[in-house]
Each structure stands twice: as C-alpha cells, then as structure tokens.
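Student: Pasting a predicted model and its sequence here:
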Amino acid sequence: MKNFVYVITDRNRTSLHVGMSSDLIKTLDFYKQMPCLFFDSGQQLTRLVYFEEFKTEAQALSRFKLISRFTRTQKERLVRSCNPDWVDLTIGLDFEHITSGRKMINQVNLNFNMLS
C-alpha cells in the first residue's frame, strides 16, 4: 500500500500545510470540497506543490513528523528543490483517473475525412 507525505498551499502561498495520506487523490478532492475547513475562504488549500511516496506507513509517518517540524523557510526550500515554479502537481498525479469520469468541456470531435 502506498503512503504519501505532501505539502499543499493556497494560491498566494500564504499557508503551507503538511499532511500524510494513503490515498492522495481522495485527500486532495476532500480539500477541494471543503475549502474553508482549516482556513478562511481566502486561503483555500488547493495546490499540491510537493509530495513523496513511501512503501510503509512507518516510513511516511517518520518523514511527516520531520517535515512538520520544519520552519517555513525549510518547507519553501523543500518545495523549490523539486518544484521551483510552485506548479500545482495534482493534474500530473493520475491524469487518466481524473479525466476518465468527467466529460471534457473543450473537447472537439473532428471527422478524419475533414482533415485530409
């Protein structure tokens, strides 16, 4: 079973939240469905900026405890080491899973005969 340690932030990078989960996609969906759970509406934690995958829960818990004790500057360095532009990593996690259940709004159907 996979275990993840992650850092999630709001759009302005005001808050950095460290978490641990066995189902990262489900956890991120929870954050998006409950935007005001931890902070006010201006600080919605919706951007996954860092994560690590572990094979055992003990390894993940040990890393979670370590990163949780980091200062803000140390957390920023950790994120920048892997994600210098602070890009939201959610879409790259499981793109097929995210899009399989949803109809693409911008999807265009082209007839192949029209292209030749």
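Tutor: Right, received. Where do you want to start?

Student: Next one: Asn83 relative to Glu57, how far apart?
Tutor: Between Asn83 and Glu57 the distance is 25 Å, computed by C-beta to C-beta, to the nearest Å. Glycine gets a C-beta too; all of them are placed from N, C-alpha and C.

Student: swap in Val87?
Tutor: 28 Å.

Student: ok, now Gln44?
Tutor: Distance of Gln44 to Glu57, computed by C-beta to C-beta: 28 Å.

Student: Repeat that for Phe30.
Tutor: Taken as C-beta to C-beta, the span from Phe30 to Glu57 is 19 Å.

Student: Point me to the helix or strand that includes Asn12.
Tutor: Using DSSP states H and E, Asn12 sits within no helix or strand.

Student: Dihedrals phi and psi, Tyr6?
Tutor: Tyr6 adopts backbone torsions of phi -140, psi 160, taken as degrees, to the nearest 10.

Student: Next one, pLDDT for it please.
Tutor: With respect to pLDDT, Tyr6 has a value of 95.

Student: How many residues are close by it?
Tutor: Using other C-beta atoms under 10 Å, Tyr6 is surrounded by 21 other residues.

Student: Could you do Glu76 as well?
Tutor: Residues lying near Glu76 (other C-beta under 10 Å) number 17.

Student: How about the nearest residue to it once chain neighbours are set aside: which residues does it bridge to?
Tutor: Nearest residue to Glu76, sequence neighbours excluded (C-beta to C-beta, 6 or more residues apart in numbering): Leu16, at 7.4 Å. Under DSSP bridges, the beta-bridge partners of Leu16 are Thr9.
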